[in-house]
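*Asks:* no sequence on this one, just coordinates:
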Ligand code: OGA
Ligand code: MN
């Protein structure tokens, strides 16, 4: 099967050129899965998939997962379309999806339906590559550290109002503790950090804040980052187990709509 794949940056990203029928064949599914794990993000420019095609392509790469009872979930800040849109402002800070679970989604796929006139681009940072290039000294320092992740912390950092309603919804997700360095079954290692990382277990708060900031700054430096400038119809998928992501802030009434689906996680965080 013909599939043309062009690297986007040395350390992250691959653009895939193929028509949808090619992409839906089983052999190509296996190839895409390998490329996804290898390159962190796959970009299909102006593929313009319908929801069924998006789901079929995602299902060809992994196992589809339901989100709030649906296979396709609409990412929009428009309160008429998404009643709890507020929390999506949390996606403006670097994060991994699903750190409040033991097993996070393997991958997330977004299809650009309506774009914002300003802002709203999406950035991805390869935390596998970031880990691999840390100094040996830093690798030793963080080897056995554990981090407490908190939904409330990420929402507060995103500037979302801590109303009684929001607080009780945030707190319905108990804090989780994961190893800072995720050792995958493949043997590769990635960093589990982001706006949800509240503190390092057993470390003084100041030291913990400084170390988490140093690692996040390291992982999100330009060399590890791919920034996607959206065109309507673009489709993206990223490996959520090794890639941090964030949306550039955009106006609440911009009309931006992404159709999102996620793939079932296949391994739990390291504990
Ligand atoms: C997400 C997310 C970023 C975007 O869907 O998990 O963070 O650009 N989206 O909408
Ligand atoms: Mn996200």
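*Replies:* Cool, the structure landed. Small disclaimer: the values here were computed from a predicted structure and weren't measured. Ligands and ions are numbered 1, 2, ... in the order given.
*Asks:* right, and the helix or strand after the helix or strand hosting residue 22?
*Replies:* Using DSSP states H and E, residue 22 sits within helix 20-23. As assigned by DSSP H and E, the chain's next helix or strand after helix 20-23 is helix 26-39.
*Asks:* Quick one: name whatever helix or strand follows that following helix.
*Replies:* Remark: after helix 26-39, the chain's next helix or strand is strand 41-44, criterion DSSP H and E.
*Asks:* who does that next one pair up with?
*Replies:* Paired neighbours of strand 41-44 in the sheet (DSSP bridges): strand 14-17 (parallel), strand 235-239 (antiparallel).
*Asks:* got a list of contacts for that strand?
*Replies:* By C-beta atoms under 8 Å, 6 or more residues apart in numbering, the residues outside strand 41-44 that reach it are 8, 12-16, 23, 32, 35-36, 124, 226, 228, 234-239, 243. (C-beta placed from N, C-alpha, C; glycine too.)
*Asks:* From those residues, list the buried ones, please.
*Replies:* The neighbour-count test (16 or more other C-beta atoms under 10 Å) marks 8, 12-14, 16, 23, 32, 35-36, 124, 226, 228, 234-239, 243 as buried among the contacts of strand 41-44.
*Asks:* count of residues packed around residue 194?
*Replies:* Residue 194 has 25 neighbours, counted by other C-beta atoms under 10 Å.
*Asks:* Residue 169 too?
*Replies:* Counted with other C-beta under 10 Å, residue 169 comes out at 16.
*Asks:* Off-centre distance for the helix or strand it falls within?
*Replies:* Element membership of residue 169, judged by DSSP H and E, is helix 164-171. Relative to its chain's centre, helix 164-171 lies at 23 Å (C-alpha atoms, centre = their mean, to the nearest Å).
*Asks:* Same question for stretch 204-213.
*Replies:* The answer for stretch 204-213 is 23 Å, by C-alpha atoms, centre = their mean.
*Asks:* Would you mind listing the outside residues contacting that stretch?
*Replies:* So stretch 204-213 is contacted by 142, 147, 193, 197, 199-200, 203 (C-beta under 8 Å, 6+ apart).
*Asks:* switch to 7 Å and redo it
*Replies:* With C-beta atoms under 7 Å, 6 or more residues apart in numbering as the test, stretch 204-213 has contacts from 193, 197, 199-200.
*Asks:* Take the residues you listed and keep only those in helices.
*Replies:* Among the contacts of stretch 204-213, no member falls in helices (criterion: DSSP state H).
*Asks:* Return the member of those residues nearest to residue 78.
*Replies:* residue 197 (29.5 Å; C-beta to C-beta).
*Asks:* Settle this for me: that closest one is touching residue 146, isn't it.
*Replies:* No - assessed by C-beta atoms under 7 Å, residue 197 is found out of contact with residue 146, at 10.7 Å.
*Asks:* more crowded one of the two?
*Replies:* More crowded of residue 197 and residue 146, by other C-beta under 10 Å: residue 197, with 27 against 17.
*Asks:* got the contact list for that one?
*Replies:* By C-beta under 7 Å, 6+ apart, the contact list for residue 197 reads 147, 149, 212.
*Asks:* Check residue 155 too.
*Replies:* Residues in contact with residue 155, defined by C-beta under 7 Å, 6+ apart, are 87, 90, 166, 170.
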